[in-house]
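**Q** Need a 3D model of the following:
(one chain, ligands or ions: 1)
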Amino acid sequence: MADDRLIVALDVSTMEQMKDIVDTLGDAVSFYKVGMELFYAAGEDTVAYLRDCGKSVFLDLKLHDIPNTVAQGVKSLTRLGANLITIHGQGGAVMLKAAADAAREAAEELGVERPKLLAITVLTSFDDTTWSGIGGQLPIADQVRRLALLAKDAGVDGVVASPLEAKLIREACGDDFLIVTPGIRPTFAVANDQKRIATPSSALRDGASRLVIGRPITKADNPREAVRMILEEMEAVKP
Ligand SMILES: O=c1ccn([C@@H]2O[C@H](COP(=O)(O)O)[C@@H](O)[C@H]2O)c(=O)[nH]1
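**A** Down below sits the predicted model:
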């Protein structure tokens, strides 16, 4: 049985590869993430296909530009019917508010459900060394907290952050704020390029709303078995 706290990242480059994963995982997975690799290669048909299959969709294109450009981008994406859309928290308060207003207005105009917006905080591939390498002044955790509060004040629904920051975001932003965490690595999986990682159960215990997991499932020898083990671990931490 699916648990909609699990979002599987479809980081592949063709519709055929996407369909193969969705087919293989069947009813065990109800929520998928379409990111840059798949969207840039196969376009909006990917979202339509997943919707037709009855799946929820997280469209993770990480919009980052001036407020007007991001707002118009969000308007265009609202038409596709994704449940979650990402924008960059580092776009700042004015951009975040413009995006939140645009999603609401576009959904009203189109008569569709408003997509929830998530602000990217500090990518899970950063560690302290690479973070200070780009001039990060605050410790990563403080920067994440700051961006989460900025997003909340701007009317954004939640954030994408590492599971290591889930607890501090929950404490700062309250129970209704969405915390979506990539950087999830079950004990059977390798870290790849992810640096700030935690297991599924630890992320949920610390307050994550949803977990994004890609390669530990899609590159596993047996993706169905990988999902089964992850769902079993998640089951132990009730919503
Ligand atoms: O900070 C971030 C923001 C987004 N991601 C995305 O999540 C998945 C993670 O995939 P894995 O294969 O489980 O590492 C991927 O699509 C990223 O673009 C992230 O990892 N970190």
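
**Q** May I have the helix of greatest length in the chain as PDB, with CA atoms only?
**A** Longest helix of the chain, by residue count under DSSP state H: helix 93-110. Once non-C-alpha atoms are left out, helix 93-110 reads as follows in PDB (Å, rounded to 0.1, in the frame of the first residue of the first chain):
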ATOM      1  CA  ALA A  93      11.100  38.000   0.000                       C
ATOM      2  CA  VAL A  94       9.700  40.000  -2.900                       C
ATOM      3  CA  MET A  95      10.200  37.100  -5.300                       C
ATOM      4  CA  LEU A  96       8.700  34.500  -2.900                       C
ATOM      5  CA  LYS A  97       5.600  36.700  -2.400                       C
ATOM      6  CA  ALA A  98       5.200  37.300  -6.100                       C
ATOM      7  CA  ALA A  99       5.300  33.500  -6.700                       C
ATOM      8  CA  ALA A 100       2.800  32.800  -4.000                       C
ATOM      9  CA  ASP A 101       0.400  35.500  -5.300                       C
ATOM     10  CA  ALA A 102       0.900  34.200  -8.900                       C
ATOM     11  CA  ALA A 103       0.000  30.600  -8.000                       C
ATOM     12  CA  ARG A 104      -3.200  31.700  -6.200                       C
ATOM     13  CA  GLU A 105      -4.300  34.000  -9.000                       C
ATOM     14  CA  ALA A 106      -3.500  31.600 -11.800                       C
ATOM     15  CA  ALA A 107      -5.300  28.800 -10.000                       C
ATOM     16  CA  GLU A 108      -8.400  31.000  -9.500                       C
ATOM     17  CA  GLU A 109      -8.400  32.100 -13.200                       C
ATOM     18  CA  LEU A 110      -8.000  28.600 -14.500                       C
END
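
**Q** partner strands of the helix or strand just after that helix, parallel or antiparallel?
**A** Next helix or strand after helix 93-110 toward the C-terminus (DSSP states H and E): strand 116-120. Using DSSP bridges, the strands paired with strand 116-120 are strand 84-88 (parallel), strand 158-160 (parallel).
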